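Colleague: sequence first, predicted model second:
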Amino acid sequence: MITHLNKKVTGDIIMKITLAAILAIAMMTGLALAPASAQQSEYVTVSTDMESYADGDVIVITGQVLQRHTGGITIQVHSPNNDLVAIGQPMIGPDNMFTFTLLAGDTMRHDGMYTVTATYSLHVNSPRIGQTTFMYTAMHTPGMMVDGTEFEPQYDIMGGSVMAMHTNPQTNSMLIDIESADDGHITITLPRELIDSQLADGTDDQFFVLVDGEEVPYDEMSSGADSRTINVEFYAGTSQIEIVGTSVAVPEFGTIAVVVLAGAITSIIVLSARSRLSLVPKL
């Protein structure tokens, strides 16, 4: 009886030890396999050559895939507010490496952290994704006073320089004189009191934009209660950008004032001449 009981206890102990050993082996196996699973051959690495950039810097994005395929890889760059500011599809080289470059400030409108996403797929339903980030700081150009007004709109320009700004009340337009050696663009925030374009019911209407006298499309970046921000592209050699709306601020001593003054002077001259004639005695 005792012998049988001892055998049973011994068997239970052996079974528990065996189960514990199996469980320990399973746990060790799982731990051993975890890193290998995380380092699958489809994994994508991506990085930038610097951690932060300013306007005009060249951003170099490089990376590597651990399993090459016949094709390229898609690179997307998103702004802090998740706008897509750049996209490209560089080819993957024989060394499984890829490179993509872009110019800081070209399409970037906001300061902050930008996200780079590299995506490729060996199979349609299994995309492989790698990500990194970088900091971008925009070069904030001081505003320029619009001739004859109290307004100083803020702007950023690439590919040229702003020489002067002035309004033309006769055409409800604002003119921006620039010097441009390269193709570029200007992003300018327009105070509504300076220039605006609205329908009869008070809702926003589009501006009419001319580059050296030729109508061009433009992008409206934002619209608020006090201002509207637009982006206009131009070619090398452009000298003037005209923004036409439905209302514009009248210069304190602008075109209308000059016309009124000229009319007043003409009237004075005519009246003076008549007065002199009336004083001449008749023969």
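Modeller: Perfect, thanks for sending it. Numbering: from 1, shown residues only.

Colleague: need the contact list for residue 187.
Modeller: 109, 155-157, 221, 229-231 (CB atoms under 8 Å, 6 or more residues apart in numbering). (Each C-beta comes from the backbone N, C-alpha and C, glycine too.)

Colleague: turn these into CSV, including neighbour count.
Modeller: Formatted as CSV, the contacts of residue 187 follow (neighbours: other CB atoms under 10 Å):
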residue, neighbour count
109, 18
155, 19
156, 18
157, 19
221, 14
229, 18
230, 19
231, 15
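
Colleague: could I get those residues as JSON lines with pLDDT, distance to residue 247 and secondary structure?
Modeller: Listed next are those as JSON lines, based on pLDDT from 0 to 100; distance: CB to CB, whole Å; DSSP: H, G, I helix; E, B strand; the rest coil:
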{"residue": "109", "pLDDT": "74", "distance to residue 247": "26", "secondary structure": "coil"}
{"residue": "155", "pLDDT": "89", "distance to residue 247": "20", "secondary structure": "strand"}
{"residue": "156", "pLDDT": "84", "distance to residue 247": "25", "secondary structure": "strand"}
{"residue": "157", "pLDDT": "85", "distance to residue 247": "25", "secondary structure": "strand"}
{"residue": "221", "pLDDT": "85", "distance to residue 247": "21", "secondary structure": "strand"}
{"residue": "229", "pLDDT": "91", "distance to residue 247": "18", "secondary structure": "strand"}
{"residue": "230", "pLDDT": "93", "distance to residue 247": "16", "secondary structure": "strand"}
{"residue": "231", "pLDDT": "92", "distance to residue 247": "21", "secondary structure": "strand"}
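
Colleague: residue ranges of the strands in the stretch 51-200 of the chain, please?
Modeller: Ranges of strands in the stretch 51-200 of the chain, per DSSP state E, counting those that start in this stretch, are 52-54, 58-65, 74-78, 84-88, 97-103, 112-121, 127-137, 155-168, 173-191, 195-196.

Colleague: which one, of those, ends up nearest to residue 250?
Modeller: In terms of CB to CB, the element of those nearest to residue 250 is strand 155-168, at 7.5 Å.

Colleague: which strands and helices lie in contact with the closest one?
Modeller: Under the contact criterion of 3 or more CB pairs under 8 Å, 6 or more residues apart in numbering; DSSP states H and E, strand 155-168 touches strand 173-191.

Colleague: next, the buried residues of the strand it packs on.
Modeller: 173-176, 178, 180, 184-191 (16 or more other CB atoms under 10 Å).
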